[in-house]
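Chemist: Turn this into a structure:
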Amino acid sequence: MRTIIIVILCCVFTGLHVSSQTRKMGRNISERFIEETDTATIIRQSLNESPDGKTIAYVARKNHRQFAVIQGKQQKDYEGVGTSGIIFSSNGKRTAYLARNGSQYFAVVDGREQERYEGLGTDPVFSLDGKTIAYVAIQNERQFLVVNGKELKHYEGIGLRGPIFSPNNKHLVYVIVEKEKFFLVRDEKEGKKYDNIAMNTITFSPNGNRLAYVATLAGKILFVLDGKEQRTFAVRTEAPPVFSRDSKHLAYVAAEGNSMFVVHDGKAGKRYSSIAERSLIFSRNGTTLSYIAQTNNKWCVVINGKEDALYENIGINTLSMSPSGKRTAYVAIAGIKRFVVVDGVAGKQYDAIPEGNPVFSPDSKRLAYMAQSNGMWNVVIDGIEGKAYRNIRAGTLKFSPDSKHVVYAASVGDKMSVIMDDSEGKPFDEILTRGEGKIVFDSPTRFHYLAAKENKIYFVEEQLKPE
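Modeler: As a prediction, this is how the structure comes out:
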């Protein structure tokens, strides 16, 4: 098991700091200049914003050297910098990234170079409170975790997922591969050996006190909860378990023979020919469990054991439950058409509705989703289609915290703007959503995002005018 860091990112940065302010369509728009760059060569995945929205970082290259830039300040240059760029702690106060000079690999934590090794594995991981950082190192063909600079026990190999911190910061787990066996190490204590452990299934409860995963032993599938094996099943499944937000309830997909079923708090539910393994969702209060199942060659949504209407198919990653837990929406498929089903009522058909849609408002009363028809995209809000655009940026659709407004990024002519309700914002060359990033609300009337124009990157804040 080997991991090699290869970094090829191309950017050239210079710059001063300026700001401008624009009042447009009931919105005060302020720009804070960050850096000047060749936006045609910047790799978006390297651009990252701290969780608190106060720090911008990215990786750039100049004269065959790579370097991190954090809040406009160029860091020391190296032969290579980790392809994932700069990792922030959840409070935004700490940074870490991987670097290479020659045959030596090392982490740079808070601007300080750490111990050098023959290789490094996964990206550095901060605990939720930001006090602990861990990453995988390789030396003398052995792999081990480095936690706050301390080397833990050396092994033959470490699972590709690397270190996993519990949400309450009290526990650290990772998978070891030794002599063709797999076992979990929790807080430096080794667990039982298995033929395999499904890395994607390792799941802590939200309170951090419970741990579940799926393992294989002698051809059987074992669901392991808090170190205790549950029932074995003949058909292999690697669907991750799902805890309710209050950590009191647990559900996972099991298989036996030619059927699949959901085990909810230890009780097996109705058997189906198939279950969309990543469709399980709990309501926020944990009282409602929904998932997508197949029966009689049709698909339906199952809500607390009750089946909704049958459809030809249901879109992957489209099942959504309102924060109140009382409403459900998803995308159903009929032939080449897609349509949203809200509380059992089917809506208008469209050519496409992407994953991640529909979206409920925080108060559970409103619903919005992206839809394509005749090559153009609309956002449908409460059943009403908005203006058609050539492109709407996936992952940007969001309600304000008070549920009164909807924002998203769309192409307006040859530019891109943030749309709020029916109001188009200031045009930019690009709205930089940083891969997984989104437009972020700081309050019910204020939000921010990153944008680029004329080779310059800006931190843009919008303040809504009082109604």
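Chemist: drop to CA atoms for contacts and neighbour counts, all remaining ones
Modeler: Noted.
Chemist: how much space between Thr203 and Val418?
Modeler: 36 Å (C-alpha to C-alpha, to the nearest Å).
Chemist: What of Val342?
Modeler: 27 Å.
Chemist: If you count surrounding residues, which of those two has more?
Modeler: Val418 (26 against 17; other C-alpha atoms under 10 Å).
Chemist: Does Ile138 touch Phe144 like I think?
Modeler: Yes. Between Ile138 and Phe144 there is a contact under C-alpha atoms under 8 Å: 6.7 Å.
Chemist: Find the nearest non-adjacent residue to Asn317, please.
Modeler: Glu355 (5.4 Å; C-alpha to C-alpha, 6 or more residues apart in numbering).
Chemist: Quick one: residues contacting that neighbour.
Modeler: If you count contacts by C-alpha atoms under 8 Å, 6 or more residues apart in numbering, Glu355 has them with Gly315, Ile316, Asn317, Thr318.
Chemist: Asp226 too?
Modeler: Arg210, Leu211, Ala212.
Chemist: quick one: Leu432 from Leu152, how far?
Modeler: In terms of C-alpha to C-alpha, Leu432 sits 39 Å off from Leu152.
Chemist: scratch that, Gly208 is what I was asking about
Modeler: For Gly208 relative to Leu152 (C-alpha to C-alpha), the value is 22 Å.
Chemist: for the host helix or strand of Ile431, packing partners?
Modeler: Assigned by DSSP states H and E, Ile431 belongs to strand 430-432. Other elements packing on strand 430-432 under the criterion 3 or more C-alpha pairs under 8 Å, 6 or more residues apart in numbering; DSSP states H and E are strand 415-420, strand 446-453.
Chemist: about what we covered before: strands - which of the contacts of Glu355 land there?
Modeler: When DSSP state E is applied, those are split such that none fall in strands.
Chemist: Of the residues you listed, grab the buried ones for ChimeraX.
Modeler: To isolate the buried members of those in ChimeraX, using 16 or more other C-alpha atoms under 10 Å:
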select :315,316,317,318
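Chemist: Tell me the one among the contacts of Glu355 nearest to Ile164.
Modeler: Nearest to Ile164, judged by C-alpha to C-alpha, of these is Asn317 at 24.2 Å.
Chemist: Determine how far the last residue of stretch 338-351 lies from the first.
Modeler: Rule used - C-alpha to C-alpha; the end-to-end distance of stretch 338-351 is 6 Å.
Chemist: likewise stretch 192-204?
Modeler: 18 Å.
Chemist: For this protein, give me the ranges with low pLDDT.
Modeler: For the chain, the stretches with pLDDT under 70 are 1-25, 37-44, 53, 232-237, 434-437, 466-467.
Chemist: ok, now with 50
Modeler: 1-25, 435-436 (pLDDT under 50).
Chemist: Report the beta-bridge partners for Val340.
Modeler: Taking DSSP bridges as the rule, Val340 bridges to Val331.
Chemist: Would you confirm that it contacts Ser320?
Modeler: No. Taking contacts as C-alpha under 8 Å, Val340 lies outside contact range of Ser320: 10.7 Å.
Chemist: Which one's more surrounded, those two?
Modeler: Val340 (28 against 24).
Chemist: what about that one, distance to Ile176?
Modeler: 44 Å.
Chemist: what's the closest of the contacts of Asp226 to Ser247?
Modeler: Distances from Ser247 to the contacts of Asp226, taken by C-alpha to C-alpha, are shortest for Arg210, at 8.0 Å.
Chemist: so how many other residues sit close to the closest one?
Modeler: The burial count for Arg210: 16, using other C-alpha under 10 Å.
Chemist: In this structure it contacts Arg186, no?
Modeler: No. Judged on C-alpha under 8 Å, Arg210 makes no contact with Arg186 at a distance of 11.8 Å.
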